[in-house]
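> give me coordinates for this.
(one chain, ligands or ions: 1)
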Amino acid sequence: MRVLIAGGDGYLGWPTAMKLSQAGYDIAVADNYLRRNLARDEDVEPLYDVPNLHDRVKIWEEQTQKKISFYIGDFQDWSFVAKLFDEFRPDVIIHYAEQPSAPYSMLNRQAADLTIRNNLGVTANIIFAVKEFSPDAHIIKIGTMGEYGTPEIDIEEGWINIKHKGREHKFMYPRQASSLYHTTKIMGTDLLWFYVRMWGLRVTDLMQGPVYGIFTDESRNDHRLLPFFSYDELFGTVINRFVVQAVAGYPLTVYGKGGQTRGYLDIRDTLNCVTLSLENPPEKGEHRIFNQFVETFSVNQLAEKVKEAGRELEIEVEIKNIENPRKELEEHYYNPVHTGLLEIGLKPHYLTKDVLVEMMECVTKHKDNIHDHKIFRGTQWA
Ligand code: USQ
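Model (predicted):
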């Protein structure tokens with residue numbers, strides 16, 4: 001089976017490529033290095049350097065004798081996409097090729113414009129290419145739990161039956177995001193759903209929570225194969241940030257009251273969820289939605305967990321509630337359903353002390369690369 005990973009250079013894309021290559025799939029990765037370039041432009045490079053795709057695929061081949069093809073180019077460019085699809089004819093497309101940061105999308109007009117154009121343009125071109133070159137292919141798109149926002153009622157797994165004036169209809173669960181990035185993910189879901197209805201696409205849309213972690217099975221023994229690890233305010237997710245802050249002796253940056261609750265997952269579970277989705281495809285004409293997370297935590301709970309893990313390594317961790325640069329609810333109801341992936345076989349990893357300690361040990365090796373000015377810059381969302 002031929003699997004194309006759009007955004008195959010990213011934090012999740014490259015580890016996914018290695019995992020599926022190891023499992024015997026024929027893999028192509030495609031990327032325009034957007035993440036690398038934005039990080040360089042904003043002076044927020046990740047904790048350690050990672051080789052470019054030319055080198056990554058060479059190292060992978062040395063280690064495993066398995067080949068990963070790669071294409072450097074922009075999915076907004078139709079001629080690039082058409083050539084790639086015509087040559088590779090994917091059976092599955094895993095779509096990570098988006099500007100992934102909520103804070104970046106709220107930085108300024110240019111960042112907002114880039115996020116809208118990139119995220120919608122890329123999704124549209126992938127849909128058009130599937131129609132033209134691989135009409136039976138399965139599109140697996142990484143969406144986000146943030147599409148739903150934080151409503152006062154339970155969050156269902158993608159769909160909800162609504163009774164109104166004695167009649168009933170199944171709709172997509174209402175979506176209302178609290179960043180522009182998350183709003184583009186809603187629009188991406190809408191585009192897919194439209195073309196599922198028009199053209200009978202086969203789609204899995206994964207509503208993923210914030211991911212944490214460094215190691216996956218394929219990178220554990222060769223650090224040159226590790227994914228990016230961002231700890232900065234723009235591209236770092238909260239657990240990864242807190243681990244780096246703890247190691248650096250920087251008080252953990254709990255935004256506002258710290259009651260913001262989200263569904264989190266280990267990077268290894270992201271790979272497992274994507275693999276399970278691939279191995280259990282939906283029908284043609286089906287828009288299948290899974291809520292992709294394992295456990296829910298408030299920011300305060302995360303900070304306490306990191307503090308406790310710090311004790312294991314004799315690191316004194318300070319927690320500091322600072323003024324929230326984001327516009328979000330700091331105390332709210334949160335009860336999302338997440339049974340779909342468990343039903344198709346997900347065996348979750350949990351956020352244990354050992355997991356945090358292992359991350360801290362790895363980060364400690366790169367302690368000299370941590371720069372305080374990257375940790376917090378206070379981008380105001382309102
Ligand atoms: N937070 C802090 N302190 C920090 C960083 C974050 O209190 O130093 C809080 C945020 O205010 C937020 C929560 O932690 O309430 C999560 O923030 P995050 O930066 O880890 O996650 P978010 O911005 O929502 O975005 C991340 C990924 C994005 C993915 C999303 C899933 O960057 O690609 O779609 O997680 S979700 O949050 O479920 O929408």
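
> show me the contact partners of stretch 265-278.
Here stretch 265-278 makes contact (CB atoms under 8 Å, 6 or more residues apart in numbering) with 3, 11-12, 15-16, 19-20, 23, 92, 94, 138, 140, 204, 206, 208-209, 211-217, 227, 290, 292-295, 341, 344-351, 355. All C-beta atoms are positioned from the backbone trio N, CA, C, and that covers glycine.

> measure stretch 55-75 end to end?
22 Å (CA to CA, to the nearest Å).

> for the residue in the stretch 1-150 of the chain that the ligand sits nearest to, which non-adjacent residue is spatially closest?
When scored by CB to the nearest ligand atom, the stretch 1-150 of the chain has residue 146 as its residue closest to the ligand, at 2.4 Å. Among residues not flanking residue 146 along the chain, residue 182 sits closest, at 3.9 Å (CB to CB, 6 or more residues apart in numbering).

> same question for residue 333.
Using CB to CB, 6+ apart, the closest residue to residue 333 is residue 152 (5.5 Å).

> go on, residue 67?
Nearest non-adjacent residue to residue 67, counting by CB to CB, 6+ apart: residue 61, 5.8 Å away.

> which residues are in contact with the helix or strand containing that neighbour?
Using DSSP states H and E, residue 61 sits in helix 53-64. The contact list for helix 53-64 (CB under 8 Å, 6+ apart) reads 8-9, 14, 18, 21-22, 29, 31, 50-51, 66-70, 72, 222, 224-225.

> what of stretch 30-44?
Here stretch 30-44 makes contact (CB under 8 Å, 6+ apart) with 4-11, 13, 45-46, 52-53, 70-75, 84, 97, 99-100, 104, 107, 118, 228, 230, 232-235, 373-374.

> in ChimeraX, select just the buried ones from the residues you listed.
Only the buried entries of those go into this ChimeraX selection, using 16 or more other CB atoms under 10 Å:
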select :4,5,6,7,8,9,10,11,13,45,46,53,70,71,74,75,84,97,99,100,104,107,118,228,230,232,233,234,235,374
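
> contacts with the ligand among the contacts of stretch 30-44, please.
Filtering the contacts of stretch 30-44 for neighbours of the ligand using CB under 6 Å from any ligand atom leaves residue 100.

> tell me which of the contacts of stretch 30-44 fall in strands.
4, 5, 6, 70, 71, 72 (DSSP state E).

> got the phi and psi for the residue lying farthest from the centre of the chain?
No residue in the chain sits farther from the centre than residue 166, which is 40.0 Å out by CA atoms, centre = their mean. Residue 166 adopts backbone torsions of phi 80, psi 0, taken as degrees, to the nearest 10.

> and residue 263, by the same measure?
With angles defined as degrees, to the nearest 10, residue 263 sits at phi -100, psi 120.

> report pLDDT for the closest residue in space to it that isn't next to it in sequence.
Counting by CB to CB, 6+ apart, the nearest residue to residue 263 once its immediate chain neighbours are dropped is residue 293, at 2.9 Å. Listed pLDDT for residue 293 reads 98.

> what's the neighbour count on residue 293?
Using other CB atoms under 10 Å, residue 293 has 24 neighbouring residues.

> up against the ligand, what does the stretch 101-250 of the chain have?
Neighbours of the ligand within the stretch 101-250 of the chain, by CB under 6 Å from any ligand atom: 101, 102, 144, 145, 146, 182, 208, 209, 210, 237, 238, 241.

> re earlier: now the element after the helix or strand harbouring the residue nearest to residue 146, going C-ward?
Per DSSP H and E: residue 182 is located in helix 180-199. Following helix 180-199 in sequence order, the next helix or strand is strand 202-208 (DSSP H and E).

> just checking, what packs against the helix or strand that that following strand is followed by?
With elements assigned by DSSP H and E, the helix or strand that comes after strand 202-208 is strand 211-212. The helices and strands touching strand 211-212, judged by 3 or more CB pairs under 8 Å, 6 or more residues apart in numbering; DSSP states H and E, are helix 238-248, strand 261-266, helix 267-279.

> which bits of the stretch 251-382 of the chain sit near the ligand?
Within the stretch 251-382 of the chain, the positions lying close to the ligand (CB under 6 Å from any ligand atom) are 253, 254, 255, 260, 262, 299, 326, 328.

> among those residues, who's most crowded?
Neighbour counts for those (other CB under 10 Å) peak at residue 299, which has 25 neighbours.

> excluding sequence neighbours, find me the nearest residue to that residue.
With CB to CB, 6+ apart as the criterion, residue 299 has its nearest non-adjacent residue at 4.2 Å, and that residue is residue 258.
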